[in-house]
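Enquirer: model the following, please.
(one chain, ligands or ions: 3)
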Amino acid sequence: PSAAAEQELTDGFHLVIDALKLNGIETIYGVPGIPITDLGRMAQAEGIRVVSFRHEQNAGNAAAIAGFLTKKPGVCLTVSAPGFLNGLTALANATTNCFPMILISGSSEREIVDLQQGDYEEMDQLAIAKPLCKAAFRVLHAADIGIGVARAIRAAVSGRPGGVYLDLPAKLFSQVMDAEAGAKSLVKVIDPAPAQIPAPDAVKRALDVLKGAKRPLIILGKGAAYAQADETIRAFVETSGIPFLPMSMAKGLLPDTHPQSAGAARSTALKDSDVVVLIGARLNWLLSHGKGKTWGDAPKKFIQVDIEPKEMDSNVEIAAPLVGDIGSVVAALLAGLDGTWQAPPADWVNTLNTKRDENIAKMAPRLMKNSAPMDFHGALGALRTVIKERPDAILVNEGANTLDLARGIIDMYQPRKRLDVGTWGVMGIGMGFAIAAAIETGKPVLAVEGDSAFGFSGMEVETICRYNLPVCIVIFNNNGIYRGLDTDPTGRDPGTTVFVKDSRYDKMMEAFGGVGVNVTTPDELKRAVDAAMDSGRPTLINAVIDPAAGTESGRIGNLNPQSVVKRK
Ligand SMILES: Cc1ncc(Cn2c(C)c(CCOP(=O)(O)OP(=O)(O)O)sc2=O)c(N)n1
Ligand SMILES: Nc1ncnc2c1ncn2[C@@H]1O[C@H](COP(=O)(O)OP(=O)(O)O)[C@@H](O)[C@H]1O
Ligand SMILES: [Mg+2]
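Expert: Ligands and ions are numbered 1, 2, ... in the order given. This next block holds a predicted model:
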C-alpha cells in the first residue's frame with residue numbers, strides 16, 4: 001500500500017467532536033440540516049448526547065440554561081443563515097443574562113459570501129453575530145479547530161459569562177489532515193473560569209461601610225445562584241444576621257421561608273434600608289435603577305459584588321465596589337466578620353419581619369380558594385404546596401400574570417431551581433429551559449406557563465415526548481395574553497390579545513403520546529401535578545383560569561407608553 005494509505009487521517013468533522021469531548025462537552029442541543037446533519041450524527045455515535053429540537057430558538061434556550069445550571073458552556077448547533085438567525089435570540093438572551101453558551105452554526109465559504117455570489121443560505125453570519133454576543137470566532141482551517149473551540153469555551157465561561165458564536169464554514173468539515181498532527185492541534189482549556197480574588201483594601205472598605213449600617217440589606221441576584229458558592233453565601237447571610245432579598249432566579253439560595261428572608265417585605269426593604277449589598281445583581285430596571293421612589297428619599301450606600309468591573313456605577317455611585325468572583329468575594333467578607341461585627345439592630349430586623357408576616361397573612365386566604373373557575377392565586381396556592389412537598393423539582397416559569405404572581409407565591413427551597421424569563425422578560429424560554437433542566441439534572445421539571453408564553457415554544461412538546469422527559473407543563477389558560485376579554489371595537493375580528501375560547505392544550509400532548517389533563521379547580525390541579533411528578537411521564541395540564549382574573553402586563557404595565565391623543 002502507498003505511504004499515503006499508511007498515513008492515518010482525520011478531518012474537520014472528527015476534530016470538532018474530539019475538541020468538544022476533550023473539553024467535557026457531553027450534550028449538543030440543535031436542529032439538523034445542511035451542512036451539520038452528519039456532524040450531529042457522528043457526535044451522537046461518539047457518545048455525545050445530541051438533542052434535536054423543532055426550532056433553533058428553543059435549542060438555543062436549552063443550551064443557555066444548561067450553561068447556567070452547569071457552569072460549562074451549553075452548546076447549540078444550527079444550520080446556516082435561517083437556522084443561525086433562529087439561534088441568535090437565544091444567544092443574545094444568554095449574553096444579557098450572563099449564561100455561558102456557544103452557538104455553533106454551519107456557514108457559507110468566505111470567498112462566496114464576500115463576493116455575494118448567492119450561495120445556498122448565504123449570510124455573513126460572523127458579522128451579524130458579533131454585536132449580539134460576548135465573543136465570535138470563525139475557523140477556516142482544520143488545524144485551527146482545536147484553538148477555535150478552546151477560545152469559544154474560555155470566552156463563554158471566564159469573567160462575566162455569556163454567549164459566544166463559533167462559525168464553521170461547510171468545507172471545513174471535509175478538510176482532511178494527518179491524524180497525529182490533528183490530535184496535537186487540540187487544546188484542553190485549563191482553568192477556564194479562574195477565581196477572581198478581590199483586592200484586600202476593597203474588602204476592608206466594604207466591611208467598614210457595612211459596619212456603619214443601621215438598616216443593612218443583602219440582595220442576591222442570579223449571578224449568586226450561578227456562582228455555586230451556596231454554602232459560603234448562606235454562611236455570610238446567617239453570620240452577618242443581615243436580612244436578604246432574592247431576585248427571581250436567586251430564590252432558593254436560602255429558603256424563601258428562612259427567618260432572614262425579606263422577600264415578602266420587598267418594598268419596605270428597598271425603601272428603608274441604608275446600606276445595600278448587591279451580590280450578583282445589577283441595578284437595572286428590575287431594581288428601578290437604584291433610584292427613585294422605590295428606594296425612598298434617605299441616602300443609600302451600595303456595596304456591589306460583581307465579576308464585571310464595568311458594572312460598577314452603571315446607575316448610581318457605588319460606595320464600595322467589590323470586583324471579583326462571588327465565591328472569593330463572599331468568603332473574604334465572611335472572614336472579615338470578626339469579633340467586632342454587630343448584628344443589625346433588632347428594630348430593623350423586626351420591622352421587616354413584621355411587614356413580611358403581615359403580607360404573607362394577607363395573601364394566605366387567596367391561596368386557599370378552591371373554586372371554579374380558578375383564579376391565579378387559587379391555582380398558584382396548589383402549586384406552592386407541590387414545590388414545598390417536592391423541593392428538588394425544578395420550576396420553569398413564564399407569562400405575565402402567570403410569571404409575576406408565581407414569583408411571589410411559590411416559595412423556593414434550593415438553589416438554581418427557579419428558571420424564568422430573566423433580565424429581558426423574554427417569552428418563549430419555557431420548553432427549551434424545561435428540556436435542558438430535565439436532561440442536565442435528571443430532576444422532575446414543573447413548567448408553569450401562561451397560555452401565550454407557552455405558544456412561543458409549544459411545538460417542543462413533541463421533543464419532550466420523543467425523549468420521554470419528566471416534564472409536567474401546567475398552562476394557565478385564561479384565553480389570552482394577560483386576560484381573555486379583549487374585543488375588536490369594529491366587531492370584525494377577535495380582540496388583539498385573546499385566543500380561542502375554552503381551548504384544550506392538553507390534547508396537544510396526547511397527540512404525541514404524552515399525558516393530557518384538563519382541570520378546573522386547585523384540588524384537581526394538585527392531584528394532576530402530583531400524578532405527573534410521581535409518574536415522570538411527559539404531562540400537559542390545561543388549567544382553566546377565569547379570563548377576567550388577570551391584569552394587563554401583569555406587574556409591569558407602568559412600562560407601557562400611554563397615548564394622550566384622543567381621535568375625534
Ligand atoms: C418574545 C416576546 N414577545 C412578546 C412579549 C410581550 N409579552 C407577552 C406576549 C406576554 C404573554 C402574557 O400572556 P400569558 O398568557 O403568557 O400570561 P398571562 O395571561 O397569565 O398574563 S408577557 C410579555 O411581556 C415578550 N415579553 N417577549
Ligand atoms: N461568578 C460570578 N461572580 C461574580 N459576579 C458574577 C458571577 N456570575 C455572574 N456574575 C454577575 O452577576 C450579575 C447578574 O446580574 P443580573 O442578571 O442583573 O441578576 P438579577 O437579574 O438576578 O438581579 C451580572 O452583573 C454578572 O456580571
Ligand atoms: Mg394568558
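Enquirer: list the contacts for residue 193?
Expert: 71, 157, 158, 159, 161, 325 (C-beta atoms under 8 Å, 6 or more residues apart in numbering). In short, each C-beta sits where N, CA and C put it, glycine included.
Enquirer: now those: which count as buried?
Expert: 157, 158, 159, 161, 325 (16 or more other C-beta atoms under 10 Å).
Enquirer: rebuild these as a markdown table, extending it with secondary structure.
Expert: Formatted as a markdown table, the buried ones among the contacts of residue 193 follow (DSSP: H, G, I helix; E, B strand; the rest coil):
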| residue | secondary structure |
| --- | --- |
| 157 | helix |
| 158 | coil |
| 159 | coil |
| 161 | coil |
| 325 | coil |
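Enquirer: ok, and of the residues you listed, which contact ligand 2?
Expert: 161, 325 (C-beta under 6 Å from any ligand atom).
Enquirer: with the buried ones among the contacts of residue 193 in mind, which one is nearest to residue 225?
Expert: Residue 225 has its nearest neighbour among these in residue 161, at 12.1 Å by C-beta to C-beta.
Enquirer: near ligand 1, which residues of this protein?
Expert: So far as C-beta under 6 Å from any ligand atom goes, the chain lies against ligand 1 at 399-402, 425-428, 450-453, 476, 478, 481-482, 550, 554.
Enquirer: next up, the contacts around the residue of the stretch 201-350 of the chain found nearest ligand 1.
Expert: At 12.7 Å from ligand 1, residue 285 is the closest residue in the stretch 201-350 of the chain, using C-beta to the nearest ligand atom. Contacts for residue 285 (C-beta under 8 Å, 6+ apart) come out as residue 559.
Enquirer: now the one 4 residues further on
Expert: Residues near residue 289 by C-beta under 8 Å, 6+ apart: 283, 315, 316.
Enquirer: likewise for residue 354?
Expert: So residue 354 contacts nothing (C-beta under 8 Å, 6+ apart).
Enquirer: please redo it, this time with the cut-off set to 10 Å
Expert: Each residue near residue 354 by C-beta atoms under 10 Å, 6 or more residues apart in numbering is listed here: 265, 268.
Enquirer: try the one 10 residues further on
Expert: Applying C-beta under 10 Å, 6+ apart, we find residue 364 in contact with 377, 381.
Enquirer: now do the buried residues in the strand or helix carrying it.
Expert: Here residue 364 is covered by helix 346-367, with elements defined by DSSP states H and E. By neighbour count with 16+ other C-beta under 10 Å, helix 346-367 contains the buried residues 348, 349, 351, 352, 353, 355, 356, 359, 360, 363, 367.
Enquirer: closest to ligand 3 out of those?
Expert: residue 367 (19.5 Å; C-beta to the ion).
Enquirer: just checking, that closest one touches residue 361?
Expert: No. Applying C-beta atoms under 10 Å as the test, residue 367 and residue 361 come out as separate, 11.2 Å apart.
Enquirer: residue of the chain nearest ligand 2, please.
Expert: Counting by C-beta to the nearest ligand atom, the chain gets nearest ligand 2 through residue 223, at 2.0 Å.
Enquirer: give me the spatial nearest neighbour of that residue, chain neighbours excluded.
Expert: Excluding the flanking residues, the one nearest residue 223 by C-beta to C-beta, 6 or more residues apart in numbering is residue 280, at 2.3 Å.
Enquirer: what's near enough to touch residue 377?
Expert: Counting by C-beta under 10 Å, 6+ apart, the residues that residue 377 touches are 363, 364, 365, 366, 367, 368, 369, 384, 405, 409, 522, 549.
Enquirer: how about the residues of the stretch 51-200 of the chain near ligand 2?
Expert: Near ligand 2, when you scan the stretch 51-200 of the chain using C-beta under 6 Å from any ligand atom, you find 97, 98, 160, 161.
Enquirer: please report how far the last one lies from residue 257.
Expert: According to C-beta to C-beta, to the nearest Å, residue 161 stands 30 Å off from residue 257.
Enquirer: repeat for the second one
Expert: Distance of residue 98 to residue 257, computed by C-beta to C-beta: 28 Å.
Enquirer: more neighbours: these two, which one.
Expert: residue 98 (25 against 12; other C-beta atoms under 10 Å).
Enquirer: thought the more buried one was touching residue 160?
Expert: Yes. With contact taken as C-beta under 10 Å, residue 98 and residue 160 are classed as touching, separated by 5.4 Å.
Enquirer: so what sits opposite the closest residue to ligand 1 within the chain in the bridge?
Expert: Nearest residue of the chain to ligand 1: residue 450, at 2.0 Å (C-beta to the nearest ligand atom). With DSSP bridges as the criterion, the beta-bridge partners of residue 450 are residue 476.
Enquirer: so the closest residue to ligand 3 within the stretch 101-250 of the chain versus residue 355, what's the distance?
Expert: Relative to ligand 3, the nearest point of the stretch 101-250 of the chain is residue 248 (19.1 Å; C-beta to the ion). Per C-beta to C-beta, residue 248 is found 20 Å from residue 355.
Enquirer: hang on, the earlier thing: okay, the residue of the stretch 201-350 of the chain closest to ligand 1: pLDDT?
Expert: pLDDT recorded at residue 285 is 97.
Enquirer: one step back: buried only: go through the contacts of residue 289 for me.
Expert: So, by 16+ other C-beta under 10 Å, the buried ones in those are 283, 315.
Enquirer: mind listing which of the contacts of residue 289 are in helices?
Expert: With helices taken from DSSP state H, there is no overlap with these.
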